[in-house]
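S.K.: Turn this into a model:
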Amino acid sequence: MAKSNGIFQRGSSHYLRVVLPKTHQLIDMYKSGKVVISLGACSYREAVTLGAIKRAEILGQITPSFEPFSKAQEMPRKRVQNANYLRDVYERWKESKPRSMDALNSCMRALVLFEEQTKNPPLQRLTRSQGDSFRAWLQQPERQTTSKTARDRLTWVKSLIKYAYRDLEIIDRHPWEGIEINSQTTQKRRPWDISELNKLFEHELFTEYRLPKNWRSGADAAYWLPLLAIFTGARLSELAQLQIADIAMDCETPFISISNLGINQQVKTTSSIRKIPVHSELIRLGFLEYVKSLESKQNSSLWIDLKLRKNKPGGYYSNWFGEFRRALGIAESQDFHAFRHSVRSQLSEQDVPEPTIDSIMGHRISGSTGAKVYSHRTLSGMKTAIEKIEYKGLTLHNVLHRTIEKTKNKNPLEKGNSYR
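M.R.: Here you go, the predicted model:
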């Protein structure tokens, strides 16, 4: 939350928000009437001092006693009449098609940084040299951002410039085309090994269905989401948003439908919309029975107790799972997303064709034109592929339960089934 002095924190960096007087020379450039600039990664005390100086400079109350910007980084000039600016392009881009709130926020953060570093020139005056300077600025050590974050911010700005060039035709070329940042993975994920999976699934949550008391776990979701992940390869966000209607049971091949059709449902890309057959091991563990037990509930969600965070059902769960995993002594690299690596590794080792793997995982079909055009997979064919997921040495316990009876503790713990 912003302090009364306009200082607020986002990630590791502090920012300054300055409300401009209506007569200020920059008011035409910032339609919201506010200027937001980054103060970099520093302590709050340092941010307050630096913010006071920056605010005074912006409002014209002092003349800097030092040169805070290079000549190429002068304070923003007044908007040129009838010129096109990147913020104008952003407004058009935002309305061009439905965008997720994450995409809008990420793009806006990149736009603010662009305006701060380049001083927001009209697009017709945007040069390749400015793109190179912006790239270098994003990667400065004092900014304390990862190479991936810097790359993503550059990509967002380039996307807006590309939109201005190709869709709006307000510039006759893309001046920053080819300017890239090579990112390095700071945390390398790998498939879970069997010892780690056994350490996870030997917890009483999975052997006795003792649900966590922590509200962020989502109760039943705490039990089912990891199991669904290792047998579907779906993303946490995709599994956490599932509704009862997304599970097709009355058919020859039961499947899970991942889409963006329901309330608060989103997908990463159009390739993420897919149907994943239910693995026989999930059926043995009682997943379909769990779904049936919810049909009488006045709730469409598959996870009644899973709370939303900023309209995202998986946000709180991700935090809880991280703490849960660390308490079990499982490596930091083995987060929920690493389950996807496990599934892809399983399918690859079983020689499942890449286009089929991409269809299951929700990735864009790669390969030849033929592979892309004829990318529709039958459920029976995908079921054959899904059934090749097999974790040899992993023991999973069949804890038969029904939601409405679980408090009565009447369901016995059956003998565990081992993949040996």
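
S.K.: shaky segments in the stretch 301-420 of the chain?
M.R.: Residue ranges of the stretch 301-420 of the chain with pLDDT under 70: 366-377, 400-420.

S.K.: mind listing the strands for it?
M.R.: 395-396, 417-418 (DSSP state E, counting those that start in this stretch).

S.K.: centre of the chain versus stretch 110-120, how much separation?
M.R.: Its chain's C-alpha centre and that of stretch 110-120 lie 24 Å apart, by Cα atoms, centre = their mean, to the nearest Å.

S.K.: what's that stretch in contact with?
M.R.: Residues outside stretch 110-120 that contact it (Cβ atoms under 8 Å, 6 or more residues apart in numbering) are 29, 36-38, 73-77, 85-87, 90, 126, 130, 133-134, 137-138, 152-157, 160. The C-beta positions use only the backbone N, C-alpha and C, and glycine is treated the same way.

S.K.: Please apply the same query to stretch 182-196.
M.R.: 146-148, 150-151, 200, 230, 330-335, 337-339, 341-342, 345-346, 391-394.

S.K.: first to last residue in it, what's the distance?
M.R.: Taking Cα to Cα, to the nearest Å, the first and last residues of stretch 182-196 lie 32 Å apart.

S.K.: Now it: buried residues?
M.R.: Buried residues in stretch 182-196, counted by 16 or more other Cβ atoms under 10 Å: 191, 192, 196.

S.K.: which of the contacts of stretch 182-196 count as buried?
M.R.: Buried among these (16+ other Cβ under 10 Å): 150-151, 200, 230, 330, 334-335, 338-339, 341-342, 346, 391, 394.

S.K.: Generate a markdown table for those residues, with distance to residue 283 as supplementary columns.
M.R.: A markdown table is the format used below for the buried ones among the contacts of stretch 182-196 (distance: Cβ to Cβ, whole Å):
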| residue | distance to residue 283 |
| --- | --- |
| 150 | 45 |
| 151 | 42 |
| 200 | 21 |
| 230 | 14 |
| 330 | 27 |
| 334 | 26 |
| 335 | 27 |
| 338 | 24 |
| 339 | 19 |
| 341 | 24 |
| 342 | 20 |
| 346 | 18 |
| 391 | 16 |
| 394 | 17 |
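
S.K.: Which member of those is positioned nearest residue 250?
M.R.: Here the nearest of the buried ones among the contacts of stretch 182-196 to residue 250, counting by Cβ to Cβ, is residue 230; it sits at 25.4 Å.

S.K.: Off-centre distance for the helix or strand containing the closest one?
M.R.: Using DSSP states H and E, residue 230 sits in helix 220-232. Mean-position distance between helix 220-232 and its chain equals 19 Å (Cα atoms, centre = their mean).

S.K.: For residue 16, give me phi and psi.
M.R.: With angles defined as degrees, to the nearest 10, residue 16 sits at phi -120, psi 130.

S.K.: close enough to count as contact, it and residue 55?
M.R.: Yes: in this structure residue 16 lies within contact range of residue 55 using Cβ atoms under 8 Å: 6.5 Å.

S.K.: still on that earlier bit, in JSON lines: the buried residues of stretch 182-196, plus secondary structure and distance to residue 250.
M.R.: Output for those, formatted as JSON lines (DSSP: H, G, I helix; E, B strand; the rest coil; distance: Cβ to Cβ, whole Å):
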{"residue": "191", "secondary structure": "coil", "distance to residue 250": "34"}
{"residue": "192", "secondary structure": "coil", "distance to residue 250": "33"}
{"residue": "196", "secondary structure": "helix", "distance to residue 250": "36"}
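
S.K.: Only the buried residues of the helix holding residue 230, if you could.
M.R.: 220-232.

S.K.: Pick out whichever of the buried residues of stretch 182-196 sits closest to residue 290.
M.R.: Nearest to residue 290 among those, with distances taken as Cβ to Cβ, is residue 192, at 23.2 Å.

S.K.: wait, is residue 267 part of a helix?
M.R.: No: per DSSP: H, G, I helix; E, B strand; the rest coil, residue 267 lies outside any helix segment and is coil.

S.K.: Now for it, how many residues are close by?
M.R.: As a burial measure, residue 267 scores 19 neighbours (other Cβ atoms under 10 Å).

S.K.: Please name the residues that touch it.
M.R.: Applying Cβ under 8 Å, 6+ apart to residue 267 gives the contacts 238, 258, 259, 260, 273, 362.

S.K.: Can you tell me how far it is from residue 241?
M.R.: Look at residue 267 and residue 241: by Cβ to Cβ, to the nearest Å, they are 9 Å apart.

S.K.: Residue 214 - nearest residue in space that isn't next to it in sequence?
M.R.: In space, and not counting its chain neighbours, residue 214 is closest to residue 320: 5.6 Å by Cβ to Cβ, 6 or more residues apart in numbering.

S.K.: Assign residue 18 to helix, strand or coil.
M.R.: Residue 18 is classified as strand under three-state DSSP.

S.K.: In contact with it, which residues?
M.R.: With contact taken as Cβ under 8 Å, 6+ apart, residue 18 is in contact with 6, 34, 35, 36, 37, 54, 55, 58, 59.

S.K.: Closest one of the residues you listed to residue 288?
M.R.: Checking those one by one against residue 288 (Cβ to Cβ), the nearest turns out to be residue 36, at 50.0 Å.

S.K.: And the pLDDT at the closest one?
M.R.: Per-residue confidence (pLDDT) for residue 36: 85.

S.K.: That one: how many residues sit nearby?
M.R.: Applying other Cβ under 10 Å, we find 20 residues neighbouring residue 36.

S.K.: So it sits against residue 20, correct?
M.R.: No: the pair residue 36 / residue 20 is not scored as a contact, 11.2 Å apart, by Cβ under 8 Å.

S.K.: and this structure, what are its domains?
M.R.: 1-68, 76-185, 194-418 (automatic domain parsing).

S.K.: Please report how far residue 171 lies from residue 203.
M.R.: According to Cβ to Cβ, residue 171 stands 57 Å off from residue 203.

S.K.: Those two: who's more crowded?
M.R.: Per other Cβ under 10 Å, whichever of residue 171 and residue 203 has more neighbours is residue 171, with 19 against 14.

S.K.: So that one belongs to a helix, correct?
M.R.: No: going by three-state DSSP, the assignment for residue 171 is coil, not a helix.
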